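> let's see this in three dimensions:
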Amino acid sequence: MTEFPEALTPRHLTSVVMEEGDGQVIVTFGLGAELTAGEYFGYAVDYYGTDGNGGKRFGVRLSPTEVKAYVFDWESATQANYAADTVHVTDEAIVATYRDASIGVDEVGTIKAFSHMGSDDADTDVAVTLLR
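Numbers count the residues shown, from 1 in each chain. Model prediction:
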């Protein structure tokens, strides 16, 4: 088992707020009870347009040596990575700021959040509050 620094302790995902505005997207991942993780863990929001197309994944990935935010675009199959300074980690939440980013679809059809510990899902289908 990997030992994480105290500020990077893996936790259950309890809530997600996603806000779009002023050329950026801010995602707040609410954290609960501690979990056991392997080499890495993370949190993400997946969504698609009302027709099931388009959409993106806004996520954070953490390990003892790395904190990374990223956006994966489903339509173009491209990923943008963000420096660690765009992610603020506390015991209660992780706040990731995705600069120069947007939701990318006019209407969101399906949206959900999840957490993973290594390659295993820990929390799935967590509700997301979307503010636009």
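
> shaky segments in this structure?
Across the chain, the ranges flagged by pLDDT under 70 are 1-7.

> in it, which spans are strands?
11-21, 24-34, 41-49, 56-63, 66-73, 78-82, 87-89, 93-99, 108-117, 120-126, 128-131 (DSSP state E).

> which residues touch stretch 107-125?
Under the contact criterion CB atoms under 8 Å, 6 or more residues apart in numbering, stretch 107-125 has outside partners 10, 12-13, 16, 18, 29, 35-52, 55, 126-128, 130. Where C-beta positions appear, they are placed from N, C-alpha and C, glycine not excepted.

> just the buried ones from the residues you listed, in ChimeraX syntax?
To isolate the buried members of the contacts of stretch 107-125 in ChimeraX, using 16 or more other CB atoms under 10 Å:
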select :10,13,16,18,29,35,37,40,41,42,43,44,45,46,47,48,49,55,126,128
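
> any idea how far Gly118 lies from Tyr82?
According to CB to CB, to the nearest Å, Gly118 stands 22 Å off from Tyr82.

> out of these two, which sits in the busier spot?
Tyr82 (20 against 15; other CB atoms under 10 Å).

> what's the closest non-adjacent residue to the more buried one?
Nearest residue to Tyr82, sequence neighbours excluded (CB to CB, 6 or more residues apart in numbering): Ala69, at 3.9 Å.

> does that neighbour touch Asp85 like I think?
No. Using CB atoms under 8 Å as the test, Ala69 is too far from Asp85 to be in contact (9.6 Å).

> between the two, which has more neighbouring residues?
Counting neighbours by other CB under 10 Å for Ala69 and for Asp85 shows that Ala69 has the greater number, 24 against 9.

> give the contact list for Ala84.
Contacts of Ala84 (CB under 8 Å, 6+ apart): Glu66, Val67, Lys68.

> so how far is Ile111 from it?
For Ala84 relative to Ile111 (CB to CB), the value is 26 Å.

> go on, Gly49?
For Gly49, the distance to Ile111 - CB to CB - is 10 Å.

> cool, Gly59 as well?
14 Å.

> which residues are common contacts for those two?
Val45.

> more neighbours: those two, which one.
Gly59 (24 against 17).
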